[in-house]
Each structure stands twice: as structure tokens, then as C-alpha cells.
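Trainee: sequence first, then the predicted structure:
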Protein chains: 2
Amino acid sequence: MLFAKEEYKQRLKKVQAVMQEKGIELLISHDTNNMNYLTGYDAWSFYYAQCAIVHVNAEEPLCFVRAQDAGGAYIKSYLKNENVIVYDEKYIHTWPKHPYDYLVEIIKERKWDKLSIGLEMDAHYFTAFCYEKIKQGLPNAKIKDSERLVNWARLVKSDAEIGFMKSAAIISQKGMKTAMEVINPGVRQCDAVGEIQKTLFYGTSEFGGEYSSIATLLPTGKGTSASHLTATDDEFVKGEATIIELSGVYKRYHSPMARTILLGKAEQKKIEAMKATNEAIDAGIAATKPGNTADDVAQSFWAVLDKYNIKKESRTGYSIGIGYPPDWGEHTLNISKGDKTILQPNVCFHMIAVMQFGDWGVEASESIRVTEKGSELFCNFSRELHIK
Amino acid sequence: MLFAKEEYKQRLKKVQAVMQEKGIELLISHDTNNMNYLTGYDAWSFYYAQCAIVHVNAEEPLCFVRAQDAGGAYIKSYLKNENVIVYDEKYIHTWPKHPYDYLVEIIKERKWDKLSIGLEMDAHYFTAFCYEKIKQGLPNAKIKDSERLVNWARLVKSDAEIGFMKSAAIISQKGMKTAMEVINPGVRQCDAVGEIQKTLFYGTSEFGGEYSSIATLLPTGKGTSASHLTATDDEFVKGEATIIELSGVYKRYHSPMARTILLGKAEQKKIEAMKATNEAIDAGIAATKPGNTADDVAQSFWAVLDKYNIKKESRTGYSIGIGYPPDWGEHTLNISKGDKTILQPNVCFHMIAVMQFGDWGVEASESIRVTEKGSELFCNFSRELHIK
């Protein structure tokens, strides 16, 4: 168990209180991150249907997993064994049979089929098929979108969670240091990622790293105009820029970081774009304190871009914490104009400036914690355009 | 472009022919693997809504991506720029706004809103929310589940695809060799994965590796009873077994491999379980040839298990090829009793025996290609219990 049982209990209470408010009696939480948050369960089993089931009055959630993963649930979750609900292997890739057929059975057996049931309608892996199984199987239930109820419960971190993110940040720094060392003209992109991955898994002698919820992103050359490209076996080219976005991970907690490196002669337009970007990030950081909103941070950020007449359409940050593929964002707070989420101590976000200018771009980011009086950065690593 | 344009055209034709058969005039293919197969697009952008759109009479599919990823689609897909459809950043995590609002607009603009529209109802990332957007936004369309129509089109590989899988297999072998070397008592699991990852990305001097669609699975000790556990920073323990499941990846094509290692004294029950498992796998391989069915392979496999009185509930294989997180399975052919899929040359599957016995387990697997007369293994690596 990664956290004290008391911490898991508090998480459950927090979620149940919001369920009460929203009139949700039973919550099917399919989001992998939420499942980890609510039960402690951790395994690469999310490629098949699984979920946490929260009754508004229950003392523990239920952890609904495939038979092959039952052993993992007993080992990794904090739950009593009786609260691990195991579905048969006959449901694996044998459509129209589906694990949610069994979920429906379980809900009926427990006489929960007339309750108001909350579903995470846009959670990764909560497919249209899962939804139809629930709707057709439980015609007497009142189905509603629970939206990102559990995600919002995750927004303010405990000190224990912050500790994990600080460990992740130290690993991120090491990974980025390796990246800056190994990215050189003539080196294959994949070889650079090999070294970066090795560093990220080794972590430190005190704590090791884990797989990240997003692969090392490594757009290079023209690819810098597209932030989500990954490494190929092509070589880095002299004169071209490369964006590195990565995250150290500790016990599934992430502290991501993006930087840009330029191989060869300094190019004035890129240096200037990077400088303006960093000034904007600094302005955002300066506005990060309890009581301010995400919008305040965004306004400060875009005020600097406006000064330099730089256009940027995409949001410039999002809350972070637990992460499973395909994402390390929490899907709640966004650093964008109009997001009125109020910052509180231990809200954490990844402020990332993806700057695209036609066929080139630069990026930089900081993982940030809101403190009692302002903010602090998780990582300590220059955001300058690294020229070599 | 990874494949000749002619190959992409043939893929499209194959899919359109099945659409015709099934009465689907427009296909929304949300599955990341299918999108890659149909358009060539490749980036870690699948954490937000994207899809390929196939009209039954079109000369090219459409590639529907986020504005931030447009550059990536121009670089990676084989499509004309006009067939890359870009949605605005305002749709990113601003529910109830959603990228599929724009998809609905596009479909209406093109007067496709009264067509029979196929949706991949149980595809990863095709959320209930996407589905509701389509249903509500296109009330005059005839919506149907296209099931795994494109996945089935992927079942028989081209020789070019087989070439990629053979490269992936060489990388898998290297990765497993590293694993066998570095897994030792007192070594941290994460450090072993660091070395394995490094090897998988370096690949060979001719071709490099890529991120895998499943993290290196590394259940150890009691964890061998749960096949999907990943590495922690705990150390390997003398006397305990560890399962390694990994895949080399080349241009998104996978050739996965699982093996089991035992640190310390040979343990008879594990040696025997491994032996019986390998005999069963060999029996399955012997039954793998064109004209036989997946069921024939399964029958041969389970006949051996029955002889040894070993119970195994889960399927023992699935088709493979392209992979994106969270899975490298194709979701079509299963090696399980009752699967009557007929084997043809260039059908490829991962025959994996996950053997669980209460609080311990062993595993072994082969990635297999059906040939003109029988079958061949992609990898060449002993399946014996590796004892050291």
C-alpha cells in the first residue's frame, strides 16, 4: 500500500461527498488514474475493461478486474479481498460478450440497478460499447454523466502525493540532463531516447523511476511544428532544433518537463521566440498563488505574448499528478483564458508553452506547485534555448 | 511515407469493399492503429479525440486531428493536405465542447449526415461522449457498429509489413537477452528495465526501435500470479521467478515475446510447469498452417495441458501487427477454443501462454507467422525456464 489507509479513506469520503451533492448513488469510475486513486490498483491491464465502483455509502470501493489480473489487485490495492470483483476470461475479446455484462450482473445482484448511476462519459477507455452495455443492462437506473468528479477530487494533493511528485521531478531533471548530453548531430533519435529512458528508469539510488504515461516526445527539424511526434531512427541534423518533452515518474506520479535544444549556429528568431516564451512563463508563475485563478495565470502569460505580437491558440497548462497512458494531464484545471478555477495550496500543474510558427516551433515548461503564499517549481533546469 | 502509396490505396480498397458489404457508407475509425493503417499518421496525440474518416467512394480517407497536430499529419500521413481536417484548440478539455462537435459539422457540410455511418463502438478512446456527440449531432444518420472491420482488414499482412515485424523481432531478441543478463538478486527491477529499454530503443545499427504499446511487464515473486504488473524499485530476490514480457517495435510494428527466469535453486514444480507449457506451445505451432483454424491451434495446445491436468481459462494468443498504447493485440483472431478464424499466409499472432497457479505463475510465448505451408517463428530465443 503506497499511502496510509487513512489517506485512501479520505479520498473515498471526498468523492462520496461530491456524489451526494450531485445526486449520484453509484459511480462507475473507468478512468485508470481514478481507479488507482480510489483503490491503489496499479497494473498495465487497462487495455481491457476495468473500473472502480463506488457506492455513496460504502466503506470501500469495489475494484472490478479481469480474472488474470485478480492477483495484481490483491497485491496492489488496499482493499479487502472481498471487494476485488473478478470477471471471467470468457469476456476477453469475444464480442458481443463483454466484461460489462458481468458488471451489470453484479449491480443487479446487489440491488443497485434502480440507483442513480454516474458514468465517466469521456474517460479514456470508457467506450461507447461499455456505455451501451450499462444502458441496455440497467434500464431502471438513472444514468448521468459524472463528468470529472473524481479527477476534481484529485486536484489538491496531499503532502504524501507532493513527496512523490518531488521524487519524480528529480528523475525528470536527470532525464533532461541526459537528453541535452546525448542529442548531437549524427546521433540517431532512437539512441538518444534509449539513453533518456535508461536514466528515467534508474532514477536515483534512493528511488527508481517507472514507465511514463506519455512516451518521450522528440519532434525535431520541421517536426518541431508538431509537438506530439516521437523518435525515429533518423539522425539529428546540424542546424536543426529538437524539442524534448519527458517526465520522471515515481509511483505513477509525474512531474513533466519540456525543453528545446538547437544544434549548431544560434538562430536569432528561435532565440527570441524562446526568450519571449520564457518571459511569458515567468509572468504566469508570478501570478500563481492561492486565491488567483487559472485565468489570472493565463492572462499574465498572454499579456507577454501580446507584447511581442505572438499568437498562440492552445491552452498553456493543465493539472498533473497520477498518470497512465495515454495522458499525464488530470483533465480538470486548464491554464487558459476563461478558466476560473481558483488556485489552492497543493494544486499542481504543468505550465507548458507549445509555440508553433508554421514549420518550426519551440517549447518550454515547468511543473508547478501552488504553495501557501505563492508557488514553487518542481524542477530546477534552465529553460533557455540550449545551443550546442 | 513508410509504405508505397499503392499499398495504402489497397488498404483503403479492402476496407471500402467490406463497408459496401456491410452497408456502411461512412466509417469513423477512431482506433489509433486503424488510423495509422489507413493514413500513415503516427504521433502520441491519441490522448485527445482524433480519427480517420472513410467514405465508401472516396479516393483517400480524411485524417481528423487537433490543430496542434496538423504539422504531424502533414509530415506523417500519405494524404493530400486537403484531406487533413484540423479542429480548433478551443475544443481541448473544455467540456461540453468537444472535438466531435466539429466532426459533426464537417459531416453535415459534406452532406454525409443522412448516410449509414459505422462507428467502432468498443475501440480504445472512442468514448461514450464521442458516441453521444455523433448520435445527437447527426439524428438523420443510420448509426451502426462497424465492429472491428478495419482490424480484420489488418489480419493478413503485406510482405512489407512482415519485413517490419522481422526487424521488430530482432530487437525483441536483443531486449530479452539484456533482460536475462541484468536480472539478478539485489538488482532493482527499475534498473533492469532501464537496461532493457535502452536495448529496445538502440535496436541494431541498421534499424532502431520505438516505444512499445505495452510497457515492459515484469511481474516477480508472488507477482508472477498477475501477468500485467510492471517494475517497481524493489530488488529481485534470490529464489524467486520473474516473468518478462516485452516487444521490439519497428515503425509501430510489434513482435512480442515473454519468458520466465528463476533466480537461484531450480524448483521442480516451476520447471515442470514450464516444460508442459512449452510442449503445449509446440503443439500449437505444429497445428499452425493455412486452412487450419485458430481453434485447431487452441485444441492442440489444450490437449497437452489436459494430458498434464493443467487448467488454463484465458485465451492463449491473439493477432498482432501495428500497436499503440494500450495494446499490441489486433482484437480479431484469438487462439482459443471455438475461434473458427481460418489461418492464411501472413496472418501473424502472438501465442502466449500465461500460466497461473494460485500465487505463482510462468509464461512463455512466440510471435508466429503463418507461411504458405506451415508457420515460422519471428524470434529465435529459448523458451526454457532460465535458471541462474
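Mentor: Done, it's in. Numbering: from 1, shown residues only, chains lettered A, B, ... in the order given.
Trainee: per-residue confidence for the closest residue to A:V347 other than its chain neighbours?
Mentor: Leaving out its chain neighbours, the residue that sits closest to A:V347 by C-beta to C-beta, 6 or more residues apart in numbering or on different chains is A:V370, at 4.5 Å. In this view, the C-beta of every residue, glycine as well, is placed from N, C-alpha and C. Note for A:V370: predicted pLDDT of 98.
Trainee: wait, what's in contact with A:V370?
Mentor: The neighbours of A:V370, taking C-beta atoms under 8 Å, 6 or more residues apart in numbering or on different chains as the test, are A:T288, A:K289, A:P290, A:L343, A:Q344, A:P345, A:N346, A:V347, A:C348.
Trainee: if we go to 7 Å?
Mentor: A:T288, A:K289, A:P290, A:L343, A:Q344, A:P345, A:N346, A:V347 (C-beta atoms under 7 Å, 6 or more residues apart in numbering or on different chains).
Trainee: and the stretch 1-150 of chain A, which residues reach chain B?
Mentor: A:43-47, A:67-69, A:71-72, A:75, A:89, A:92-93, A:95, A:119, A:121-132, A:147 (C-beta under 7 Å from any C-beta of the partner chain).
Trainee: buried only: go through those residues for me.
Mentor: A:43-47, A:67-69, A:71-72, A:75, A:89, A:92-93, A:119, A:121-132, A:147 (16 or more other C-beta atoms under 10 Å in any protein chain shown).
Trainee: just want the most central residue of chain A.
Mentor: Nearest to the geometric centre of chain A sits A:W328, at 1.7 Å (C-alpha atoms, centre = their mean).
Trainee: host element of that residue?
Mentor: Assigned by DSSP states H and E, A:W328 falls within strand A:327-334.
Trainee: near chain B at all, that strand?
Mentor: Yes. Legend: contact between strand A:327-334 and chain B by C-beta under 7 Å from any C-beta is shown at A:D327, A:H331, A:N334.
Trainee: of the residues of the stretch 1-150 of chain A next to chain B, which belong to helices?
Mentor: Using DSSP state H, the subset of those located in helices is A:G71, A:G72, A:I75, A:A128, A:F129, A:C130, A:Y131, A:E132.
Trainee: just to revisit the earlier point, can you select the buried ones among the contacts of A:V370 for me in ChimeraX?
Mentor: In ChimeraX syntax, the buried subset of the contacts of A:V370 is picked out as below (16+ other C-beta under 10 Å):
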select /A:288,289,290,343,345,346,347
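Trainee: specify which member of the contacts of A:V370 is nearest to B:D234.
Mentor: For the contacts of A:V370, the minimum distance to B:D234 (C-beta to C-beta) is 28.0 Å, reached by A:N346.
Trainee: wait, isn't A:N36 in contact with A:R252?
Mentor: Yes. In this structure, A:N36 is within contact of A:R252 by C-beta atoms under 7 Å, at 6.0 Å.
Trainee: mind listing the shared neighbours of the two?
Mentor: A:D42, A:I322.
Trainee: of the residues of strand A:327-334 next to chain B, keep whichever come out buried.
Mentor: Buried among the residues of strand A:327-334 next to chain B by 16+ other C-beta under 10 Å: A:D327, A:H331, A:N334.
Trainee: of these, closest to chain B?
Mentor: Here the nearest of these to chain B, counting by C-beta to the nearest C-beta, is A:D327; it sits at 4.0 Å.
Trainee: what sits against the closest one?
Mentor: So A:D327 contacts A:H124, A:S213, A:I214, B:Y47 (C-beta under 7 Å, 6+ apart).
Trainee: can you name the residues bridging to it?
Mentor: A:Y324 (DSSP bridges).
Trainee: over to A:I342?
Mentor: A:T293.
Trainee: just checking, it touches A:T293?
Mentor: Yes. The criterion here is C-beta under 7 Å, and A:I342 meets it with A:T293 at 5.5 Å.
Trainee: so, low pLDDT: which residues of the stretch 1-150 of chain A?
Mentor: Within the stretch 1-150 of chain A, the set of residues satisfying pLDDT under 70 is empty.
Trainee: would you map the strands across it?
Mentor: Ranges of strands within the stretch 1-150 of chain A are A:26-29, A:51-55, A:62-66, A:84-87, A:116-119, A:142-145, based on DSSP state E, counting those that start in this stretch.
Trainee: and stretch A:287-294, average pLDDT?
Mentor: Stretch A:287-294 comes out at a mean pLDDT of 98.
Trainee: distance from that stretch to the middle of the chain?
Mentor: 21 Å (C-alpha atoms, centre = their mean, to the nearest Å).
Trainee: can you give me the buried ones in stretch A:28-46?
Mentor: Going by 16+ other C-beta under 10 Å, stretch A:28-46 has these buried residues: A:28-46.
Trainee: again but with stretch A:205-220, I slipped
Mentor: Those would be A:207-220, for stretch A:205-220 by 16+ other C-beta under 10 Å.
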